[in-house]
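Student: Provided below for reference: sequence and predicted model.
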Amino acid sequence: MTQTDNSSRDGDSLSMAARALWLVLIIATLYLCYFHNLSAIGLVGPDEPRYAWIAREMHESGDWVTPRLYGKPWFEKPVLLYWGAALSFKLFGVTDAAARFPSAFAALLATLAMAWLAWRVYGPWTARWLLLLLPTTVGMIGFSHAAATDMPFAGALTIALVFAAIILGLTRNQQSPPVQRTTWLALIFFGFFLGLATLAKGPAAIVLPGGGVLLWAALTRRWRDAFRCLHPVAIASFCLTALPWYILCSRRNPDFFRIFIIEHNFKRYLTPEFQHIQPCWFFVPVLLIAFAPWTLALVWSALHGALRVWPQRRPSDATLLAVCWVIFCLVFFSISKSKLPGYILPAMPLVGLLLSRAYVRLVPQEGWTFRLLILGGAIPIVLVAPVLWSLHFGANRFTASAATGAGWIMLLFGLANLVLAAKKNAKQTTLALSSLCVVPILALLLFFNHLAPLFLRYDPSGKTIAQELRAAQIPPEQTFVTAMPRGQQFSLSFYLRNEIQSWDSDQPKEGYLLQSSKPCRFVVKPPWTCSTDPLELQTSGWFVYKVQREDSVSNGVDGSTLGGSSLGGGLDRGGLDTRDRQPR
């Protein structure tokens, strides 16, 4: 009827005790990789704090239609992440973990959906290994811990693709119910999750599945099956899911279409206006890095799988769909004038599926080349670790601590690969030694809070600075920053619940200037002056200066000893002029 891998599905020979051990290992992997340490670091980068601000404002205002940043409509991204984070804030409170929970949940759903597809098409062993290998990759861990749109977009697309595989008949076997019983539900859910993906990031949600399925249809000549994805039921489900918000937002905000569709989709893709310019091969190394620590296994499976399939000219239809999806994602985003690492995330679950299938099916047959490559790469990585621990960098303690942290990461990555190379048989009756390859990665995640300070001299977010400013009772509405990274400034604004402005020397104002170094006389120019003895924020390493006009100083309002022991001019030990203090 159709060509699938059902004829070569792996049998399941596990005992009940072994099944229980596998289940425990898989649950531990999914939890530690996706939900552990969601708030280990404050909101970082330009996106996380802005998206969290919009979600918080949505939660507090009750306006679930128009995204607002600092009180103004903001249409760079659609609304799905904001809805998820706002609901998370409502359930768990406004925390870093709650802001990131939608991404972690989307990663979990995508992994489970891909595991189900692996089980239906290839058998239980491929599904088990996918549940171990995919979650432990750097890319899945990193993006599941980011309050950004990438993982909800990739998660919704992955689930939509699973239902597309059902519609195409790729998951059927002799025990499957009649087509009519499954296709209608598959069409409804395919349109629904495609609509969610469109609410997560926009029109790309339509282009990626369409291109991948059409490429698959061109190679398999199964055009009739492919066009079943355009069934009126799927289209109606998609429209009912995605269009209501787009229509409501457009009616309330006449400039929505121009800003979102034209500027942040077509211009972002077709022009270098947003300055994310990268070479056309950019996503190849990004994908290899994203699959660490299993990069060597990925390279082997890609090369060996291609050489093995080449004489046959064509893999199974299910495998071909995964390959077409990955290729189209790579080509589509490589053509784009704007490239960011997160763009390739929709391809990762399918690459994980192909990697798991190659590991289960090809390694037992021709494992000597696999073990040769893994050992050749992992042993040097393990040996480098003690070298990094023994290096001395003189007085530069930060460089030495970073080298120590890198040594631990390389050791654990190398050990994980060495254990992965222990696989010999296609089937086991108990928990195999090679399945413990995830243990070093899980240990790394458990001890992340001890390793992170080795690489971070100061908190890269604005969370610590905000805590110190609150302790010093510095009013956020009178606080200005200079030479602060954009992402950290957005983060500081989120935690202080106030938009923190950059200092404008052409339009100076009385207040408090936050900067990372002394002195401030190069920033503040007459007739304005700043305190000569600033308040030093010990934990974050920043300095706070009181800024005022010189004539105010001459009239007795002295801000020259903000951080000193002589608290002249009404300044208390927190560094705040008591006459300026705001009730909190």
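Tutor: Noted; the coordinates are in hand. Numbering: from 1, shown residues only.
Student: Going toward the C-terminus from the host helix or strand of residue 209, what's the next helix or strand?
Tutor: For residue 209, the host element (DSSP states H and E) is helix 204-220. Per DSSP H and E, the first helix or strand lying C-terminal to helix 204-220 is helix 223-226.
Student: how far is that following helix from where the chain is centred?
Tutor: Centroid displacement of helix 223-226 relative to its chain, using Cα atoms, centre = their mean, to the nearest Å, is 34 Å.
Student: Go through it and flag the buried ones.
Tutor: Neighbour counts over helix 223-226 (16 or more other Cβ atoms under 10 Å) mark 225-226 as buried. Every C-beta, even on glycine, is put in place using the N, C-alpha and C of the backbone.
Student: so what's residue 348 up against?
Tutor: The contact partners of residue 348, by Cβ atoms under 8 Å, 6 or more residues apart in numbering, come to 134, 137, 139-140, 154, 287, 290-291.
Student: Format these as a markdown table; extra columns: neighbour count and pLDDT.
Tutor: Below are the contacts of residue 348 laid out as a markdown table (neighbours: other Cβ atoms under 10 Å; pLDDT from 0 to 100):
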| residue | neighbour count | pLDDT |
| --- | --- | --- |
| 134 | 28 | 98 |
| 137 | 24 | 98 |
| 139 | 25 | 97 |
| 140 | 25 | 97 |
| 154 | 30 | 97 |
| 287 | 21 | 96 |
| 290 | 24 | 96 |
| 291 | 24 | 97 |
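Student: what about the longest helix anywhere in the chain, distance to the chain center?
Tutor: Counting residues, the longest helix found in the chain (DSSP state H) is helix 363-390. Put simply, helix 363-390 sits 28 Å off its chain's centre (Cα atoms, centre = their mean).
Student: Show me what that helix is packed against.
Tutor: helix 295-309, helix 397-420 (3 or more Cβ pairs under 8 Å, 6 or more residues apart in numbering; DSSP states H and E).
Student: What mean pLDDT does it get?
Tutor: If you average the pLDDT over helix 363-390, you get 88.
Student: picking that back up, who touches the helix holding residue 209?
Tutor: 3, 153, 156-157, 160-161, 164, 168, 194, 197-198, 222-223, 225-227, 229, 265, 314, 317, 320-321, 324-325, 327-329, 332, 346.
Student: Kindly report the same for stretch 477-486.
Tutor: Contacts with stretch 477-486, where a contact means Cβ under 8 Å, 6+ apart, come from 46, 469, 489, 492, 496, 498, 500-503, 509-517, 523, 547, 580, 582.
Student: Show me the residues you listed that map onto strands.
Tutor: 501-502, 511-515, 547 (DSSP state E).
Student: how about the strands of the protein, start to end?
Tutor: Using DSSP E, strands in the chain cover 68-69, 72-73, 479-481, 501-502, 511-515, 528-530, 535-536, 543-549.
Student: Now the longest one: buried residues?
Tutor: Going back to what we said before, that points to strand 543-549. 543-548.
Student: if we can go back for a sec, nearest to residue 94 among the strands of the chain would be which one?
Tutor: strand 68-69 (15.8 Å; Cβ to Cβ).
Student: Could you spell out the sheet neighbours of the closest one, each with its direction?
Tutor: strand 72-73 (antiparallel) (DSSP bridges).
Student: Who are the contact partners of the residue lying closest to residue 83 once chain neighbours are set aside?
Tutor: Spatial nearest neighbour of residue 83, excluding adjacent residues (Cβ to Cβ, 6 or more residues apart in numbering): residue 64 at 6.6 Å. By Cβ under 8 Å, 6+ apart, the residues touching residue 64 are 58, 79, 83, 86.
Student: re earlier: let me have the contacts of residue 348 in CSV, extended by distance to residue 234.
Tutor: Putting the contacts of residue 348 into CSV (distance: Cβ to Cβ, whole Å) gives the following:
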residue, distance to residue 234
134, 27
137, 31
139, 29
140, 28
154, 20
287, 30
290, 30
291, 32
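Student: Now for the residues you listed: which two are most distant?
Tutor: It's 154 and 291 that sit farthest apart of the contacts of residue 348, by Cβ to Cβ, at 14.4 Å.
Student: Outline the domain layout of the chain.
Tutor: As assigned by automatic domain parsing, the chain contains the domains 6-19+44-128+145-288+301-361, 463-570.
Student: can you redo those as CSV with distance to residue 381?
Tutor: Shown next, in CSV, are the domains of the chain (distance: least, Cβ to Cβ, whole Å):
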stretch, distance to residue 381
domain 6-19+44-128+145-288+301-361, 15
domain 463-570, 31
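Student: ranking the ones you listed by mean pLDDT, which is last?
Tutor: For the domains of the chain, where the average pLDDT is lowest is domain 463-570, sitting at a mean of 83.
Student: Check the offset of that domain from the chain's centre.
Tutor: 33 Å.
Student: that older thread, which among the strands of the chain is found nearest to residue 113?
Tutor: strand 68-69 (32.1 Å).
Student: Spatially central residue for this protein, please.
Tutor: Nearest to the mean C-alpha position of the chain, by Cα atoms, centre = their mean, lies residue 143 at 1.6 Å.
Student: pLDDT at that one, what is it?
Tutor: In this model, residue 143 is scored at 97, pLDDT.
Student: Just the buried subset of the contacts of helix 204-220, please.
Tutor: Of the contacts of helix 204-220, these count as buried by 16+ other Cβ under 10 Å: 3, 153, 156-157, 160-161, 164, 168, 194, 197-198, 222, 225-226, 229, 317, 320-321, 324-325, 327-329, 332, 346.
Student: Of those residues, which belong to helices?
Tutor: With DSSP H as the criterion, helices contain 153, 156-157, 160-161, 164, 194, 197-198, 225-226, 317, 320-321, 324-325, 327-329, 332 from among the buried ones among the contacts of helix 204-220.
Student: Same list (the contacts of residue 64) but as CSV, adding neighbour count.
Tutor: Shown next, in CSV, are the contacts of residue 64 (neighbours: other Cβ atoms under 10 Å):
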residue, neighbour count
58, 23
79, 23
83, 20
86, 26
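Student: Export those as TSV, with columns for distance to residue 304.
Tutor: Below are the contacts of residue 64 laid out as TSV (distance: Cβ to Cβ, whole Å):
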residue	distance to residue 304
58	49
79	43
83	43
86	46
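Student: if we can go back for a sec, weed out the non-buried ones from the ones in strands among the contacts of stretch 477-486.
Tutor: 511-515, 547.
Student: and those residues as a markdown table, adding distance to residue 338?
Tutor: Formatted as a markdown table, those follow (distance: Cβ to Cβ, whole Å):
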| residue | distance to residue 338 |
| --- | --- |
| 511 | 37 |
| 512 | 37 |
| 513 | 34 |
| 514 | 32 |
| 515 | 32 |
| 547 | 38 |
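Student: Just name the closest of these to residue 190, please.
Tutor: Looking across these and measuring by Cβ to Cβ, the closest to residue 190 is residue 514, at 50.4 Å.
Student: got the contact list for the closest one?
Tutor: Here residue 514 is in contact with 465, 469, 479-482, 484, 542-544 (Cβ under 8 Å, 6+ apart).
Student: swap in residue 417?
Tutor: In this structure, residue 417 makes contact with 293-294, 296-297, 374, 377-378, 381, 437, judged by Cβ under 8 Å, 6+ apart.
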